[in-house]
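Chemist: Pasting a predicted model and its sequence here:
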Amino acid sequence: MLTKRQLVILKEIVRLYTESGQPVGSKKLLEQLPMHVSSATVRNEMVRLEDMGLIEKTHLSSGRIPSTKGYRYYLDHLVEPSSVAASDLAVIETSFDQSYHQIDQIIAQSAKILSSLTSYTAISLGPELRDSRLTGFRLVPLGDQQVMAILVTDNGAVENQIFTLPHELDSDSLEKAIRIINDQLVGLPLTDVIRRLRSDIPQLLAQYLGTPTGFLNIFGNVLKKAAQERFYVDGKMNLINPATIKNVDQLKSLYSLVDQNDDLAKLIGIPDQTIEVRLGDELTNNLLRNFSLITATYDVGDHGKGMIALLGPTSMPYSRMIGLLDVFREELAKKITDYYTHRGDE
């Protein structure tokens, strides 16, 4: 158990180091402490905090920096989210103030805004897709047996992919197959559409298509793309940081990590709290031992919950980042709610 004085000193060391990036010496700490103590007392308390593993020396300075354990203690017991600057709030509101034709455009823009405001790598995920419903499917001929498959859902998402048709599929049979899809599946949640593709839909299609496999592959692939969670990442260049990157191979591996939906899903998991911070070994990926991940969920009522996150060095200024994410998630939820409201009025 830390004493009151040790708590104050640890909190001040974290604040000074995350704001300046410079190891904190006893002289600097003495100038900033909100209480009067002697220099000898400060040095003694720093030694005790070091013995507890909460701060550590660096090779380049006589000052101290927080350890991973010290950051964890700070985040669990001492951090106080700071107020968002009026200039940051203005940037958020102005950057969101544009027309959007798809929900994914809002999600992608949110990552761009957040990365710009923080200079870290931002990750965003739209509201849950489990209740999204199919509203239409069609094939647009492109020539040379190529078609563009277009699938639309009720959340405003439009998925399209280009396929080469099997030669055995003629245009009349395709039209009948598309009609079956729209008659039988439009209005159903995507999870139900996927289930029916595995049950009765193949038999219905077989009445018009000798071998429905080719058509089912086309529809199934574009459906899978529509149903999967899509993470939007902005600010990947911000991963290049001497505090976190040791060599080019590590950077390449990190780029690969943030480019893969499945890897990001494993990294982020399901946050237990509205705002959550994990760092170092808590991230379960050896590449991220010098990183912290702050995740924040946002709620869009009946349309589900989404998530935004910041990936940056362990030494990020947590008070500012947590305060900013708290406001940002509310602004994002408001923007998405407005989008759905306006679509309902059309």
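Modeler: Received, thanks. Numbering: from 1, shown residues only.

Chemist: tell me the contacts of Glu330?
Modeler: Tyr298 (C-beta atoms under 8 Å, 6 or more residues apart in numbering). Where you see a C-beta, it was placed from the backbone N, CA and C, and this is true even at glycine.

Chemist: Make 38 the starting number, not 1.
Modeler: In the new numbering, first residue 38, that becomes Glu367.

Chemist: so it, which of the three states?
Modeler: When classified by DSSP: H, G, I helix; E, B strand; the rest coil, Glu367 comes out as helix.

Chemist: Just the local confidence number for it, please.
Modeler: pLDDT, Glu367: 94.

Chemist: cool, and Asp168?
Modeler: Listed pLDDT for Asp168 reads 63.

Chemist: Quick one: classify Ile187 as helix, strand or coil.
Modeler: With three-state DSSP as the basis, Ile187 sits in strand.

Chemist: repeat for Glu205
Modeler: Using three-state DSSP, the structure places Glu205 in coil.

Chemist: What separation is there between it and Val177?
Modeler: 20 Å (C-beta to C-beta, to the nearest Å).

Chemist: which residues in the stretch 188-337 of the chain form helices?
Modeler: In the stretch 188-337 of the chain, the helices defined using DSSP state H, counting those that start in this stretch lie at 208-222, 227-234, 238-243, 250-264, 285-296, 298-305.

Chemist: Check the offset of the fourth one from the chain's centre.
Modeler: This points to helix 250-264. Chain-centre distance of helix 250-264: 26 Å, with C-alpha atoms, centre = their mean, to the nearest Å.

Chemist: what sits up against that helix?
Modeler: For helix 250-264, using C-beta under 8 Å, 6+ apart, the contacting residues are 166, 169, 171, 174, 176, 184, 186-188, 190, 194, 196-198, 200, 202-203, 205-206, 211, 214, 218, 227-228, 230-231, 234, 238-239, 242, 246.

Chemist: can you check the third one too?
Modeler: Taking C-beta under 8 Å, 6+ apart as the criterion, the residues outside helix 238-243 that touch it are 214, 217-218, 221-222, 249, 252-253.

Chemist: Same check on stretch 312-321?
Modeler: Stretch 312-321 has contacts (C-beta under 8 Å, 6+ apart) with 105, 108-109, 112, 303-304, 325-334, 351, 355, 359, 362-363.

Chemist: please redo it, this time with the cut-off set to 6 Å
Modeler: Residues from elsewhere that reach stretch 312-321 (C-beta atoms under 6 Å, 6 or more residues apart in numbering): 105, 108, 112, 326, 329-333, 351, 359, 362.

Chemist: Give me the lowest-pLDDT entry from these.
Modeler: Within the contacts of stretch 312-321, Arg326 has the lowest pLDDT, namely 86.

Chemist: So, low pLDDT: which residues of the stretch 238-383 of the chain?
Modeler: 279-281, 380-383 (pLDDT under 70).

Chemist: Could you list the low-pLDDT ranges of the stretch 38-187 of the chain?
Modeler: Low-confidence segments of the stretch 38-187 of the chain (pLDDT under 70): 97-98, 165-168.

Chemist: Kindly recompute the last result at 80.
Modeler: Applying pLDDT under 80 to the stretch 38-187 of the chain flags residues 96-99, 165-169.

Chemist: And the strands in it?
Modeler: For the stretch 38-187 of the chain, the strands defined by DSSP state E, counting those that start in this stretch cover 92-94, 101-103, 158-162, 171-180, 183-190.

Chemist: Which one, of those strands, ends up nearest to Ser124?
Modeler: Nearest of these to Ser124, taken as C-beta to C-beta: strand 158-162 at 18.3 Å.

Chemist: picking that back up, from the contacts of helix 238-243, which is closest to Asp141?
Modeler: The closest of these to Asp141 turns out to be Leu222 (C-beta to C-beta; 21.7 Å).

Chemist: Quick check, the closest one in contact with Val230.
Modeler: Yes. Using C-beta atoms under 6 Å, Leu222 makes contact with Val230 at a distance of 5.0 Å.

Chemist: hey, which of the strands of the stretch 38-187 of the chain is tucked in deepest?
Modeler: Highest mean neighbour count of the strands of the stretch 38-187 of the chain: strand 158-162, a mean of 26 (counted as mean count of other C-beta atoms under 10 Å).

Chemist: which other helices and strands contact that strand?
Modeler: When contacts are defined as 3 or more C-beta pairs under 6 Å, 6 or more residues apart in numbering; DSSP states H and E, strand 158-162 sits against helix 140-155, strand 268-271, strand 342-350.

Chemist: Present those as TSV; the columns should include distance to Pro118 and mean neighbour count.
Modeler: Output for the helices and strands packed on strand 158-162, formatted as TSV (distance: least, C-beta to C-beta, whole Å; neighbours: other C-beta atoms under 10 Å):
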stretch	distance to Pro118	mean neighbour count
helix 140-155	14	21
strand 268-271	23	21
strand 342-350	14	23
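
Chemist: about what we covered before: what sits in contact with each of Leu222 and Val230?
Modeler: Common contact partners of Leu222 and Val230 (C-beta under 6 Å, 6+ apart): Leu171.
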